[in-house]
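*Asks:* Structure, please.
(4 chains)
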Number of protein chains: 2
Amino acid sequence: MSEQVKAYYHQLVPGMQEEDWIALQEKFTFQQVKKGSFLTRNGEISRQVSFITRGLVRIFYLAGEKEICTGFICENEYVSAYASFLTRQPSAENIDALEDCELVHLSFDDMQALYKSNPVFEIFGRKIAELLFIQISSQTTRLLTMVPEERYQSIIQFQPFIIQRVPQYMIASFIGITPEHLSRLRKKMTGK
Amino acid sequence: MSEQVKAYYHQLVPGMQEEDWIALQEKFTFQQVKKGSFLTRNGEISRQVSFITRGLVRIFYLAGEKEICTGFICENEYVSAYASFLTRQPSAENIDALEDCELVHLSFDDMQALYKSNPVFEIFGRKIAELLFIQISSQTTRLLTMVPEERYQSIIQFQPFIIQRVPQYMIASFIGITPEHLSRLRKKMTGK
DNA sequence: CTACACGGTTGATAAATGTTAAGAAATTAT
DNA sequence: ATAATTTCTTAACATTTATCAACCGTGTAG
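*Replies:* Okay, here's the model as predicted:
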């Protein structure tokens, strides 16, 4: 199970040594969660980043009654209420499991300890921050430069797992429209 | 002029030593640019991150004929076509000066060299990535959870320098609406 | 098997936002 | 100071999107 994490870590920090991996691995805690359970609730301070070895989660905000999704993360990716994790401020985000999940957690405190113990982990931390930046940055761009139909198309093209595994009404909020409107857009698109 | 950068660096990495600062400072290149000149054009690979000691720049995309702003950065902040900088891929973003600017550049190659020379610079790189993540993350959230009027209000509240120093039609694209519509929203808001 | 909850669709209508065009106001250049 | 350019505003109209409500299909718990 942690072989998956090792592969990810290798890809992120190619120069890593076996002993680094062993030190990192010691900090991992493993968890299985059922569909529907929460990893983070708004108001809590996020205490960890989590690598997903199996399953799918969503990140979402509560705006009044409505749930607005800002991300879907599946196996072989890191997920976190990262802004809260970094700032130690209560999270505005919720994270819950859309499928049964297997997770590998790395806590904030352990991560700080790793940073101090060996600079190679700074690289790890930097790479994760950079990766998350690139991901969210492209989402902001899509929101500003594309109309909803184009945003949906770009999910089909670049994140097809979302189409397969996420309910449509959640995808709708992810691209900034109502479920009804997405339904109509889809109908229009098949006509073409 | 580089005292400003030093203060920023200190705040970012409190544990830094004077010798670290000296090593960093040696890599700086200084530049003054006139209003209207470009720091980065789309298609180019971004070669640097730039600290702004004076002035104001915008980051924007070209969507057909239209310019869509994704950020305004002023003095005492870092600016970069950061996705391009990190991935070494051609930038989709443009950056130009909205005012005469004084800039302190740090090149990609120098930054890599610093990373290798001393782990403390990894912290610096990580902190910058984390900071940029937090900034863009909150922008994505605003785009998904707020209506245009609320987004404009949040600029007034949290980034008033934008209201003072950026033409309204650029702010309009930043919050995802047309200049005409922003004009109407403003009129409506003063009535309240 | 039946009833119910959930996700998705559809239609009618309302609200928000975009487009086009014109002119006013402000800024910049001569 | 005047002209030229840019930015902002306004209005009429078109388009997009949201809202509300009803209904359909599917799966599932009793």
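
*Asks:* Run through chain A and note the low-pLDDT ranges.
*Replies:* Applying pLDDT under 70 to chain A picks out residues A:1, A:191-192.

*Asks:* ok, 90 please
*Replies:* Along chain A, segments meeting pLDDT under 90 span A:1-3, A:15-16, A:63-65, A:119, A:190-192.

*Asks:* what does it have sitting close to DNA strand C?
*Replies:* Taking C-beta under 7 Å from any atom of the strand as the criterion, the neighbours of DNA strand C within chain A are A:167-169, A:179-180, A:182-184, A:186-187. In short, each C-beta sits where N, CA and C put it, glycine included.

*Asks:* In helices, which of those residues fall?
*Replies:* Filtering the residues of chain A next to DNA strand C for membership in helices, criterion DSSP state H, returns A:168-169, A:179-180, A:182-184, A:186-187.

*Asks:* Present those as a markdown table; the columns should include neighbour count.
*Replies:* Below are those laid out as a markdown table (neighbours: other C-beta atoms under 10 Å in any protein chain shown):
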| residue | neighbour count |
| --- | --- |
| A:Gln168 | 11 |
| A:Tyr169 | 15 |
| A:Pro179 | 14 |
| A:Glu180 | 10 |
| A:Leu182 | 20 |
| A:Ser183 | 14 |
| A:Arg184 | 12 |
| A:Arg186 | 13 |
| A:Lys187 | 9 |
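
*Asks:* So which residue is smack in the middle of chain A?
*Replies:* Central residue of chain A (C-alpha atoms, centre = their mean): A:Val79, 3.5 Å from the mean position.

*Asks:* circling back to that earlier point, what's the farthest-apart pair in the ones in helices among the residues of chain A next to DNA strand C?
*Replies:* The two members of these with the most space between them (C-beta to C-beta) are A:Tyr169 and A:Lys187, at 15.4 Å.

*Asks:* Up against chain B, what does chain A have?
*Replies:* Counting by C-beta under 8 Å from any C-beta of the partner chain, the residues of chain A close to chain B are A:61, A:63, A:68, A:70, A:82-83, A:86-87, A:92, A:115, A:119, A:122-123, A:125-126, A:129-130, A:132-134, A:136-141, A:143-145, A:173-174, A:176.

*Asks:* filter those to the buried ones?
*Replies:* Neighbour counting with 16 or more other C-beta atoms under 10 Å in any protein chain shown marks A:61, A:68, A:70, A:82-83, A:86, A:92, A:115, A:119, A:122-123, A:125-126, A:129-130, A:132-134, A:136-137, A:139-141, A:143-145, A:173-174, A:176 as buried within the residues of chain A next to chain B.

*Asks:* Spell out the residue ranges of the helices in chain A.
*Replies:* Using DSSP H, helices in chain A cover A:2-12, A:18-25, A:82-87, A:108-117, A:120-145, A:148-158, A:160-165, A:168-174, A:179-191.

*Asks:* Out of those, which gets nearest to A:Glu44?
*Replies:* Closest approach to A:Glu44 among the helices of chain A (C-beta to C-beta): helix A:82-87, 7.7 Å.

*Asks:* I'd like to check what contacts the closest one. Which residues are they?
*Replies:* A:40, A:44-49, A:89-93, A:108, A:132, B:130, B:133-134, B:137-138 (C-beta atoms under 8 Å, 6 or more residues apart in numbering or on different chains).

*Asks:* Could you do stretch A:109-116 as well?
*Replies:* With contact meaning C-beta under 8 Å, 6+ apart, stretch A:109-116 is reached by A:23-24, A:27, A:49, A:121-122, A:124-125, B:123.

*Asks:* If we go by neighbour counts, what in that stretch is buried?
*Replies:* A:110-111, A:114-115.

*Asks:* which residues touch the residue of chain A found nearest chain B?
*Replies:* Closest residue of chain A to chain B, C-beta to the nearest C-beta: A:Pro119 (3.1 Å). Counting by C-beta under 8 Å, 6+ apart, A:Pro119 makes contact with B:119, B:122.

*Asks:* 10 Å instead?
*Replies:* Contact analysis of A:Pro119 by C-beta atoms under 10 Å, 6 or more residues apart in numbering or on different chains lists B:115, B:118-123.

*Asks:* domain ranges for chain A?
*Replies:* Using automatic domain parsing, the domain parsing of chain A gives A:2-142, A:146-192.

*Asks:* most packed of the ones you listed?
*Replies:* Of all those, domain A:2-142 carries the top mean neighbour count, a mean of 17, counting by mean count of other C-beta atoms under 10 Å in any protein chain shown.

*Asks:* what's the straight distance from one end of it to the other?
*Replies:* 34 Å (C-alpha to C-alpha, to the nearest Å).

*Asks:* just stretch A:95-114 next, same as before
*Replies:* End-to-end for stretch A:95-114, by C-alpha to C-alpha: 25 Å.

*Asks:* wait, does it contact DNA strand D?
*Replies:* No - judged by C-beta under 7 Å from any atom of the strand, stretch A:95-114 stays clear of DNA strand D, getting no closer than 12.8 Å.

*Asks:* And that stretch, how far out from the chain middle?
*Replies:* Computed by C-alpha atoms, centre = their mean, to the nearest Å, the chain-centroid distance of stretch A:95-114 equals 11 Å.
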